[in-house]
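Participant: Requesting a structural model of the entry that follows:
(2 chains)
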Amino acid sequence: AAGVIQSPRHLIKEKRETATLKCYPIPRHDTVYWYQQGPGQDPQFLISFYEKMQSDKGSIPDRFSAQQFSDYHSELNMSSLELGDSALYFCASSSSGFDEQYFGPGTRLTVT
Amino acid sequence: AQSVTQLGSHVSVSEGALVLLRCNYSSSVPPYLFWYVQYPNQGLQLLLKYTSAATLVKGINGFEAEFKKSETSFHLTKPSAHMSDAAEYFCAVRGGSGGGADGLTFGKGTHLIIQP
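Facilitator: Predicted structure coming up:
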């Protein structure tokens, strides 16, 4: 079965640079969620989109923004990167009316 | 606000023994609860979910969990541990202090160690 696809899988950036992470949900899933998982930490919810509209917001820094496109893929844009932004970034998708979220393999972002 | 607490950051069991991972929830409304497993450097895989249907929920890989309202618990069990079960396990609730209305709020995780 098709799963959530995230790209790139690994990304190295320097402080103050920008990064863009991409997420391709499972086919026919209309909701996308972004999570950040620091080293040894539990995942923290950042933001979600349903039918291309922001549906919920968690602890997303103002330096980050995201959107969902007409083909339902989503991008997380991160600016003015800080060392503390180094983490695993997960995308998850779900189908409206269903509660379970399916996670992608994650993008490991390292800020140097 | 909804939250979950996992008791025990590390649990060690022998291969073939019972696995019990504890999760307690706090919620003012009927919660939607989930268990996820994470292998090293991988994403989270859904094991099972509780959404106010049957209180005993069966998941993948032989795991199950029982929702007990009186104890505000949703513990994960497996009758016989296998070496491949070694991983990090997260209990999660939909919504909650960190999850808005739809995002998941996770517990701190329990690292399951299987002794040969």
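Participant: Could you find the closest non-adjacent residue to residue 28?
Facilitator: No chain in the question, so chain A it is. A:S95 (6.4 Å; C-beta to C-beta, 6 or more residues apart in numbering or on different chains). Every C-beta, even on glycine, is put in place using the N, C-alpha and C of the backbone.
Participant: ah, I was thinking of chain B
Facilitator: Nearest one to B:S28, counting by C-beta to C-beta, 6+ apart, is B:Q2 at 7.6 Å.
Participant: Help me confirm that the one you found comes into contact with B:G95.
Facilitator: Yes. Between B:Q2 and B:G95 there is a contact at 5.2 Å, judged by C-beta atoms under 8 Å.
Participant: hey, what's in contact with both of those two?
Facilitator: Shared contacts of B:Q2 and B:G95 (C-beta atoms under 8 Å, 6 or more residues apart in numbering or on different chains): B:T105.
Participant: can you pull the contacts of B:S27?
Facilitator: B:Q2, B:S3, B:T72, B:V93.
Participant: Can you redo those as a markdown table, where the extra columns are pLDDT?
Facilitator: Listed next are these as a markdown table, based on pLDDT from 0 to 100:
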| residue | pLDDT |
| --- | --- |
| B:Q2 | 83 |
| B:S3 | 89 |
| B:T72 | 93 |
| B:V93 | 92 |
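Participant: ok, now which ones touch B:T51?
Facilitator: Contacts of B:T51 (C-beta under 8 Å, 6+ apart): A:D99, B:Y32.
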